[in-house]
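# what shape does this take:
(chains A and B)
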Number of protein chains: 2
Amino acid sequence: MNAYYAAIFTSKRTEHDPKGYSSMADKMDELASEQPGFIRVESVRDFEGNGITVSYWESLEAIQKWKENSKHQVAQQKGKDTWYSKYDVQICKVMREYSLKENE
Amino acid sequence: MNAYYAAIFTSKRTEHDPKGYSSMADKMDELASEQPGFIRVESVRDFEGNGITVSYWESLEAIQKWKENSKHQVAQQKGKDTWYSKYDVQICKVMREYSLKENE
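Residues are numbered from 1 along each chain as shown, chains lettered A, B, ... in the order given. The predicted structure is shown next:
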């Protein structure tokens, strides 16, 4: 297994501007996927507004560059000001992995 | 920041036995929280059956012991046989963290 990294974003949504939010969230997932070092992203949000998004990256530098991306910075500020009542971010190194695949 | 670890469990539910599932899932979260080295757990599942659960632990050994816990083993087998069409587990070391708190 090659070394890779995960950014865990755990958030609670406010009730503000639900339409603007989901369009921006989709745009950010798409923009993330175009960044150097991006591997994949998994995102789940429930009907109460609790969300967990995990993005996977080839290096810590790739995560740092994505954090500093100017369009992403605008979205982050809007997230703080309007969309999230709280959030947590953990930047992690993946040590082990295992899985069950479909039809296994 | 003291070193700590995250177990990321990303899953897709089947449509089998929804009631038995949620009672077992709650029981497992409760049992996990009683294990040595447990810090906290965050869990989100959307209406399409996509779920991400992240549990946080003080050591890799604590995660390994929880994986080997006999009641958890029974739940894991049932998960493979019945509840999940697929899942991924990543065991990670948390390198950095930041957050926005409520009313910040």
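
# alpha carbons only for contacts and neighbour counts from here, please
Noted.

# and the strand or helix carrying A:K12, how far out from the chain middle?
Per DSSP states H and E: A:K12 is located in strand A:5-13. Counting by Cα atoms, centre = their mean, to the nearest Å, strand A:5-13 is centred 6 Å from the centre of its parent chain.

# for the record, mean pLDDT for that strand?
Average pLDDT, strand A:5-13: 97.

# what's the pLDDT at A:E104?
56.

# only C-alpha atoms, please: export the strand holding A:K12 in CSV.
What follows is strand A:5-13, C-alpha atoms only, in CSV (Å, rounded to 0.1, in the frame of the first residue of the first chain):
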residue,chain,number,x,y,z
TYR,A,5,-3.7,10.8,3.4
ALA,A,6,-7.3,11.6,4.4
ALA,A,7,-9.0,14.9,5.2
ILE,A,8,-12.1,14.2,7.4
PHE,A,9,-14.6,17.1,7.4
THR,A,10,-17.4,16.7,10.0
SER,A,11,-20.0,19.4,9.9
LYS,A,12,-23.4,20.6,11.1
ARG,A,13,-25.3,22.8,8.6
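
# pairing partners for it, with directions?
strand A:50-57 (antiparallel), strand A:84-100 (antiparallel) (DSSP bridges).

# mean pLDDT and mean neighbour count added to these, as JSON lines?
Output for those, formatted as JSON lines (pLDDT from 0 to 100; neighbours: other Cα atoms under 10 Å in any protein chain shown):
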{"stretch": "strand A:50-57", "mean pLDDT": "97", "mean neighbour count": "22"}
{"stretch": "strand A:84-100", "mean pLDDT": "95", "mean neighbour count": "18"}
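
# re earlier: helix or strand right after the strand holding A:K12?
helix A:18-33.

# buried set for that next one?
Buried residues in helix A:18-33, counting neighbours by 16 or more other Cα atoms under 10 Å in any protein chain shown, are found at A:21, A:28-29, A:32-33.

# can you list the residues that contact that helix?
A:38-41, A:66, A:72, A:75, A:83 (Cα atoms under 8 Å, 6 or more residues apart in numbering or on different chains).

# 7 Å - rerun?
A:38, A:40, A:72, A:83 (Cα atoms under 7 Å, 6 or more residues apart in numbering or on different chains).

# would TSV of those residues with distance to B:D88 and secondary structure be doable?
TSV is the format used below for those (distance: Cα to Cα, whole Å; DSSP: H, G, I helix; E, B strand; the rest coil):
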residue	distance to B:D88	secondary structure
A:F38	18	strand
A:R40	13	strand
A:H72	27	helix
A:W83	29	helix
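
# B:K12: which of those is nearest?
Taking Cα to Cα as the measure, A:R40 is the one of those closest to B:K12, at 16.4 Å.

# many thanks, we can stop here.
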